[in-house]
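Student: Give the three-dimensional model of this entry:
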Amino acid sequence: MTSAARTISFGDFVSKAELTFPPGDRPAPLVVLVGGSGPENLDADDASDGATSRGHLFADVARSLADQGFAALRYNKHYVNGLGDIDPRFGAELTMPQLVDDVHSAVNAVANDPRIDPRRVYLYGWSEGTTVVAAAANGMPNLRGIILQGVVGIPWREGLIAQWERVVRPYLRNFAVDGSVGAAELSRARHGDGGVVAHELVGVLGDDVSSARTTINPTFDPDGNGRIDLDNELPTAAVKFVDEQLAGGLFRLYGAPSALPDVTAQAAVLRDLPILTLHGENDSNVSVDAARRLDRALAANGSRDHTLRTYPGSGHSLSAAADLQHDPIGPIRPEPLVDLGRWLRDHESR
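Tutor: Okay, the predicted model is just below:
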């Protein structure tokens, strides 16, 4: 395996990229890796200052692809310079249609490299990136197929609200006293053994949740008693929080007018493309039911080449995950990488 550093112009931003090749002199099919939510670097790790690794997913996928005969292109997300170095425009100006344009720019940037075959291109999207590659597929005549990992197969709002019900509320029950949590319980939950989604969303329930100075976010404590009732306050407050964040906060990218449709809503325009969907059954970000919903929609729209692979005991990054509340978004397991290579080789032999 060999790698080459590249740069890709996204118009108002130049992204650092890496192109990975298999051994040999023949031009290789190209797989373009498109990352998930947040300010991700080319390895699909969270580049926020002080953030924890997300398992170097794309580094592992690129290495596996090269070992199996495929070139891989991965790049820093728009406005991400590297770990701990994010342009302020990321949170204020980025839109999902820009991310679609970035895919086309990335493919064009390497089209003349003699080590790849530009007539044999695949798009691989993870999480948020699944909606991006689905939209980018339109107008790409040399596209041979798309791979969807942790697919956003349900509307953004539905999925974001579901995280509270599927992950946060069950996780907090481990720390609750008489069905509610206060500052002390939130601090213990924040320091507990929960996965990435559990920890991140517990973190918005108050200020300084990781310290002894925790104060409850009033959105989640409407009666002002300093505690969050998990059954009578949290569900309604979570919906209010999601709607506020979609309107211009943390989830601004997934609100109108920035968002792309979920992949199931794009099923009709994908019906003529080969599609491989890989989804962990313990995915804390998006339920495996979203992948099944997409698969049914592809069938209903006449797709003749759609494959769904689900993985028990695996989470959003297809790492080991004991359950929804303990999804670490760690290193990808070998089985999905084997399945990916087998699917790609099968479609290259047709």
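Student: C-alpha from now on. contacts and neighbour counts both.
Tutor: OK.
Student: what ranges do the strands span in the stretch 251-350 of the chain?
Tutor: 275-280, 306-311 (DSSP state E, counting those that start in this stretch).
Student: Pick the most deeply packed of these.
Tutor: strand 275-280 (a mean of 26; mean count of other Cα atoms under 10 Å).
Student: Tell me what angle it forms with strand 306-311.
Tutor: 10 degrees (axes from the mean of the first three to the mean of the last three Cα atoms, to 10 degrees).
Student: Which residues does strand 275-280 contact?
Tutor: 145-151, 288, 291, 305-318, 336, 343 (Cα atoms under 8 Å, 6 or more residues apart in numbering).
Student: where exactly do the strands run in this structure?
Tutor: 2-9, 14-21, 28-34, 71-75, 80-82, 85-86, 116-126, 143-149, 180-181, 206-207, 215-216, 228-229, 275-280, 306-311 (DSSP state E).
Student: Lowest mean pLDDT among the helices and strands, pick that one out for this protein.
Tutor: Here the helix or strand of the chain ranked lowest by mean pLDDT, DSSP states H and E is strand 206-207, holding a mean of 83.
Student: PyMOL command for the buried members of the contacts of strand 275-280?
Tutor: Selection of buried members from the contacts of strand 275-280 for PyMOL, criterion 16 or more other Cα atoms under 10 Å:
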select buried, resi 145+146+147+148+149+150+151+288+291+306+309+310+311+313+314+315+316+317+318+336+343
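Student: check contacts around Pro39.
Tutor: Per Cα under 8 Å, 6+ apart, neighbours of Pro39: Asp46, Ala47, Ser48, Lys77, Tyr79, Val80, Ile86, Phe90.
Student: can you put the residues you listed in a markdown table and add pLDDT, neighbour count and distance to Glu200?
Tutor: What follows is the contacts of Pro39, written out as a markdown table (pLDDT from 0 to 100; neighbours: other Cα atoms under 10 Å; distance: Cα to Cα, whole Å):
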| residue | pLDDT | neighbour count | distance to Glu200 |
| --- | --- | --- | --- |
| Asp46 | 91 | 24 | 13 |
| Ala47 | 86 | 25 | 15 |
| Ser48 | 86 | 18 | 13 |
| Lys77 | 98 | 29 | 21 |
| Tyr79 | 98 | 23 | 22 |
| Val80 | 97 | 27 | 20 |
| Ile86 | 95 | 20 | 19 |
| Phe90 | 95 | 16 | 19 |
